[in-house]
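Peer 1: For reference, the sequence and a predicted model appear below.
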Amino acid sequence: MKTFTVFVKKEFLHIFRDRRTMLILLVMPVVMIVLFGFAINTDVKDSRVVLLDHSQDELTGRIKEHLLASPYFTLAAEADEVSAVHRLFRENKADIAVVFGAHFTEELTRTGTAAVQVLTDGTEPNQASIRSSYVEAVLASCLPDLLPPGTAPAAYRIEPVVRMLYNPQSRSEFNFVPGVIGLILLLIGAMMTSIAIVKEKETGTLEVLLVSPLSPFVIVVAKLVPYFVLSCTNLMTILLLSTRLLHIPIAGSLAGLVGVTVLYILVALLLGLFISTCAESQLAAMLLSLLLIVPTVYLSGLAFPIGSMPVALQRASLVFPARWYVEAARKLMIQGVEMRYVAGECAILAGMAFALLCVSWKLFKTRL
Amino acid sequence: MAPLVAAHGLRKSFGKTEALRGVGFEVAEGEIYGLIGPDGAGKSTLFRILATLLKADGGTATIDGLDVLAHYRPLRRRIGYMPGRFSLYQDLTVEENLAFFASIFGTTLRENYHLVADIYRQLEPFRHRRAGQLSGGMKQKLALSCTLIHAPRLLLLDEPTTGVDPVSRKEFWDTLRRLRDEQGITVIVSTPYMDEATQCDRIALIQEGAFLRVDTPQGIVDAYADTLWAVRSDRMHRLQDDLHRYPAVRTAFPFGETFHVTLHPGASARALCRHLEDCGHNNVEVRPICAGIEDCFMSLMKKSHES
C-alpha cells in the first residue's frame, strides 16, 4: 500500500511539474465553459423581432409595447403576412417572430386563454430557445397591466405556441455543458493518460517497473488514479461554473449526473490505457487520441444534432462513448428525467468499459 | 561452485526474424561478463529473457538456481535490470528518482544507502536537481544507483555506456569493477564498443542471434592465428579498392587511420608494399600489429558466414 501511494505521488509530480500539462488539465475546461457560456449570453441581447398582428387592436398594441420596451428586443419590422416573416428570416433580418391571431382579444376575454405564435430560428437552437423563453416571460409579466382593474390575473393566460423554424426537433437548451464535459474528460482520460503511460515506454522506465515486484495491475491503477482525480476536479469546476456563473440549472438529480459522469471517466481512462498499449511513442499516442477525439466532436452530438445526420454517420456515432454520455447527461441535466430513463446509456457505457478493460489487459500482459 | 547464471539453447523469434538461435552460456558468481556485438545481434532480447520480461520460444535459463519462467517472482528481487534506453524520470529530482525505485522494490534509500554510497556520493551535491538537467555521465551514475538500490545479486546492464563520454565511460567501468570486488555483484553487460570488451572478465562475441566465441578478452586475442598488418598510404580513399583487388589479400577492414589486412599463406608484406607503390600510392606503410578484439570479431564473423 505504501508503495502504491509513493507511486501515485510520483504521478502527481509528473503532472504538476509540467506546466503545459497543467494548463491543459486545469485551465482549458474553465476557458471552454466560460467562452461557450458567454458567447451564448451576449448573443441573445438585442434580438430582432418581427411582429405580425392580425388583430390590430388596443390589447395587442399594448403587448407589443411591452415587448419592445424590453432590453432584449428591438423591432425588425411589422409584417402584414406570414410570407413576409419567412422572407425576413431567410434574409437574416430577424431572429424571432411574434404572431397574434385575428381573434386574439376576443378569445382572451371570452375563454381566459389566448394563443400567441412564437417563431424562432432553429439554426441556432440555443439562442432560439433563450429568445422564446424571454418572450414567454414578457407575456406573463405584462398580463396584469392589460386587464381592466379589478379582474384577477390568475384567471387569464396568454399561451405562447413556440415553433422552431428550420430545425423543429431540436429540443436542446444549454446543450454545450454536457458536450464540453464529454470532450474534456475524453481529452484528459484518453490523451493525457495514454501519453503518460507511453512516456514510460520511451524512457525505458516501464521495463524496470515491470521487473519490479509490483504487479502490472498496481502499475496501471497507480498511473490512472491521478487522472481520475483530475477528471473529477474538472467535473466539479465545470458544474460549479455552469450553475453559478452561467446560471444553467441542473434539472435532474445531481447525484445521478455525477454517477453517469464517473462511469464515463472510467471509459475514457480505459480508452487511454488501450491507446497506450497500441502506441510505441508519445507522438503516436497523441495522434491516435486525436483520431478518436476529432470524430467525437462531430459525431457525439455535442456540436451537431445526431438526428439530422445521414444514416451512415448516425450508425458510426454509436461506437463513440461520448455520444452515449452526452445523451444521458442531457437527459439528466436539461430534461430532468429520472435515472431509469438513462439506464440504457449507462449499460452501454459500462459494456464499453468492460470490453476495453479486457482488451487492454490482454495486450498489456503480452508485453511482459 | 555452481554458476550464478546458466542458459541452454535459448531461442526467440519475432515473426520471421530469429533474434536468438540457440544460445547457451554460464556466468560464474562475481564475474563481469560482456556481451559484445553490433546492433541487432540479439543482445537486448537475451537481456529481456534473463530479466523475466520475455518468454523464450525454447531453451532454459536459471539465475541463482531459479528458473526465469517458473520462479520469476522471487527472481525479480535478485536482479537489477537496466534497459537499453533507460533514462530515468527526467522531471523528478535525483533524490526522488532514487527514492522511487527504492520504494517499488520494497526498500528505502536509507536502508540500502551503503550499496550505492560510493556512486551516490558524487551525485549528492545535485540531489535536488532534476534528472533531465544532469550530464550524461551523471545520469548514468544515477541510473546505476537506481538499479542497485534493492541489493541485487546480478546486474543486467543493456548498453549502459552508449552515448556517454569517454571519461564517464571509464569511470563507469571502474565502478562496475569496484562493485564486483567489494560487494561480490555479478554483472552481465553489453556494449557495441569493442574497446570496452577488455574491461570484462569474460566476453561473448554475439552475431545474428548466436555466440561466436566465449573466452577471456586475452584468450580471444591469443586465439587469433593470422598475422595482422596495418596498412596505410597517402591515398587512403583508393587504398581499399587496391587492397581488395590484390589476390594475396584475404581480408582488409578499415580501422580509423589504417586498414587491418590479413594475407593468404605464402604471400609477403613486401610484395604487397611493392604492389601498392605500383598502383601509385606514396608513403606506403605496412607493419605487423597485435590483433584487438574487433579484429577477432571480424575474423570470427567472416568464418561463421563462410561455414
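Peer 2: Nice, I can see it.
Peer 1: May I see the domains of chain B written out as residue ranges?
Peer 2: As assigned by automatic domain parsing, chain B contains the domains B:5-221, B:225-290.
Peer 1: Can you add mean pLDDT and give those back as a markdown table?
Peer 2: Converted to a markdown table, the domains of chain B look like this (pLDDT from 0 to 100):
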| stretch | mean pLDDT |
| --- | --- |
| domain B:5-221 | 91 |
| domain B:225-290 | 87 |
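Peer 1: With respect to chain A, which of these lies nearest?
Peer 2: Proximity to chain A (C-beta to the nearest C-beta) singles out domain B:5-221 among those, at 3.9 Å. Bear in mind the C-beta positions are built from the backbone N, C-alpha and C, glycine included.
Peer 1: mind listing what whichever residue of the stretch 101-250 of chain A sits closest to chain B touches?
Peer 2: In the stretch 101-250 of chain A, no residue comes nearer to chain B than A:Gly204, which is 3.9 Å away by C-beta to the nearest C-beta. Applying C-beta atoms under 8 Å, 6 or more residues apart in numbering or on different chains, one finds that A:Gly204 lies in contact with B:83-87.
Peer 1: Tell me the most packed of those, by neighbour count.
Peer 2: Neighbour counts for the contacts of A:Gly204 (other C-beta atoms under 10 Å in any protein chain shown) peak at B:Pro83, which has 26 neighbours.
Peer 1: Can you tell me the closest non-neighbouring residue to that residue?
Peer 2: Leaving out its chain neighbours, the residue that sits closest to B:Pro83 by C-beta to C-beta, 6 or more residues apart in numbering or on different chains is A:Gly204, at 3.9 Å.
Peer 1: Give me whichever of the domains of chain B is most buried.
Peer 2: Using mean count of other C-beta atoms under 10 Å in any protein chain shown, the stretch among the domains of chain B with the greatest mean number of neighbours is domain B:5-221 (a mean of 19).
Peer 1: residue contacts, the closest residue in space to A:Glu58 that isn't next to it in sequence?
Peer 2: Nearest non-adjacent residue to A:Glu58, counting by C-beta to C-beta, 6+ apart: A:Thr105, 7.9 Å away. Residues counted as contacts of A:Thr105 (C-beta under 8 Å, 6+ apart) are A:55, A:57-60, A:114.
Peer 1: got it, and B:Arg177?
Peer 2: B:32, B:199.
Peer 1: Go again with 7 Å.
Peer 2: Listed by C-beta atoms under 7 Å, 6 or more residues apart in numbering or on different chains, the contact set of B:Arg177 reads B:Ile32.
Peer 1: can I assume it sits in a helix?
Peer 2: Yes - the assignment for B:Arg177 is a helix, going by DSSP: H, G, I helix; E, B strand; the rest coil.
Peer 1: Can you dump the C-alpha atoms of the helix or strand encompassing the residue nearest to A:Glu58 in CSV for me?
Peer 2: For A:Thr105, the enclosing helix or strand under DSSP states H and E is helix A:104-111. What follows is helix A:104-111 as a C-alpha-only set of coordinates in CSV (Å, rounded to 0.1, in the frame of the first residue of the first chain):
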residue,chain,number,x,y,z
PHE,A,104,-56.7,37.1,-30.0
THR,A,105,-58.5,39.7,-27.8
GLU,A,106,-61.9,38.0,-28.3
GLU,A,107,-60.5,34.6,-27.2
LEU,A,108,-58.7,36.1,-24.2
THR,A,109,-61.8,37.9,-22.9
ARG,A,110,-64.2,35.1,-23.7
THR,A,111,-62.2,31.9,-22.6
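Peer 1: Could you check it and say which residues are buried?
Peer 2: Using 16 or more other C-beta atoms under 10 Å in any protein chain shown as the test for burial, helix A:104-111 gives A:104-105, A:107-108.
Peer 1: can you check stretch A:193-213 too?
Peer 2: Counting neighbours by 16+ other C-beta under 10 Å, one finds that the buried residues in stretch A:193-213 are A:193-212.
Peer 1: Distance from that stretch to the middle of the chain?
Peer 2: Averaging C-alpha positions (C-alpha atoms, centre = their mean, to the nearest Å) puts stretch A:193-213 36 Å from its chain's average.
Peer 1: hey, where'd the strands end up in chain B?
Peer 2: Using DSSP state E, the strands found in chain B span residues B:5-14, B:17-27, B:32-36, B:58-63, B:66-67, B:79-82, B:154-157, B:186-191, B:202-207, B:210-215, B:228-232, B:249-255, B:258-263, B:285-289.
Peer 1: returning to what we had before: ok, which of the domains of chain B comes nearest A:Asp145?
Peer 2: With C-beta to C-beta as the criterion, A:Asp145 lies closest to domain B:5-221 of these, at 66.9 Å.
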